[in-house]
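Peer 1: Predicted structure and sequence below. I'll ask about it afterward.
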Amino acid sequence: MARKIIGNWSEDSRERLRVKGTALFNRKTSLRDRIDSCIFRLRTQKERIEESLARLQRRDRDYFEKCVAAQVAKDSSQAALYAIECADVRKVASTTMQSELALEQIVLRLETVQQFADLVDTLTPVLGVLRAVRHQIDGILPGMSCELGTIIENLDNVMIEVGEAPSSSFDINASSEEARRVLTQAVTMAEERMRQRFPELSIPISATGLAPTEESIYLSKS
C-alpha cells in the first residue's frame, strides 16, 4: 500500500515537473520569438536607412556636380551656396549612417543571445542604444522613430517578464558603458564611411562674404 502511494506520488510529481518544465520551455520560446521579431523589425529599419542614405548620396552628388560647374564658371558665390547645400545633406547623412551602424551592432548582439540568463546583460545596453538612436533620428525619419519606439516597448516587456524592472528610467544618451561604447564606435565608423562615400570639396567660402558654418568648413578640408 505504502509502495503504491509512493509510486502514485512519484508519478504525480514527475507529471507536475513535466508540466512545469514544458511551461518554462514555452515561456522561453515565446520570449525568443519576441526577440526574433524585434530582430526582424530592426533589420527592416536598417534597410530603410540604407535606402535613405542612397537618396542622400544622390542628392549630394547632384549638389557636388553643380558646385564644381559653378567653380569652373568662376561663380564663387553660387559654388559656395551649393557647397552649403552639400554640407546640410552630409550632416543628415552622417547622423543617419551612425544610426544604421548602431542598429547593426544591436542586431548582432540580439542574435548572439543563447542563454536567457544573458538577456538582462544584453538588453540593458541594447535599450540604451535604441533610445539614443530614436532620439537622434526623430527629426530626420519620424516614421522610423515611431517604429523604434514600438521595438523598445516590446523589449521593455521582455525585461519585465524575465523579472527585471522596466528600463524607462535609463539615460536616453546611453544606459551603460557598453551602450556608450557602441555609440562611440558607430560615430567613428560613420566618419570613415562618410569620407569614402562623399567626395571632399574645396570651396573658398570666405570669398563669398557668407559666414562659414561648421559643415562648410568640413567640406573645405583637404
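Peer 2: Looks like it came in fine.
Peer 1: give me the low-pLDDT residue ranges for this structure?
Peer 2: 1-29, 114-118, 163-175, 201-222 (pLDDT under 70).
Peer 1: one more time with 50, if that's ok
Peer 2: For the chain, applying pLDDT under 50 flags the ranges 1-10, 13-26, 28, 165-174, 204-222.
Peer 1: all strands for it, in order.
Peer 2: Using DSSP state E, the chain contains no strands.
Peer 1: Where do the helices of it begin and end?
Peer 2: 2-72, 76-111, 119-137, 142-161, 177-197, 214-219 (DSSP state H).
Peer 1: Reformat those as JSON lines; add mean neighbour count.
Peer 2: C-beta: built from backbone N, CA, C; applies to glycine. Below are those laid out as JSON lines (neighbours: other CB atoms under 10 Å):
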{"stretch": "helix 2-72", "mean neighbour count": "13"}
{"stretch": "helix 76-111", "mean neighbour count": "20"}
{"stretch": "helix 119-137", "mean neighbour count": "22"}
{"stretch": "helix 142-161", "mean neighbour count": "16"}
{"stretch": "helix 177-197", "mean neighbour count": "16"}
{"stretch": "helix 214-219", "mean neighbour count": "16"}
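Peer 1: Distance across stretch 104-121, terminal residue to terminal residue?
Peer 2: Using CA to CA, to the nearest Å, the end-to-end distance of stretch 104-121 comes to 18 Å.
Peer 1: which residues are contacting that stretch?
Peer 2: With contact meaning CB atoms under 8 Å, 6 or more residues apart in numbering, stretch 104-121 is reached by 28, 31-32, 35, 38-39, 42-43, 46, 122, 125-126, 129-130, 158-159, 162, 164, 182, 185-186.
Peer 1: how about a cut-off of 7 Å?
Peer 2: If you take CB atoms under 7 Å, 6 or more residues apart in numbering as the criterion, stretch 104-121 is touched by 28, 31, 35, 38-39, 42-43, 46, 122, 126, 129-130, 158-159, 162, 164, 182, 186.
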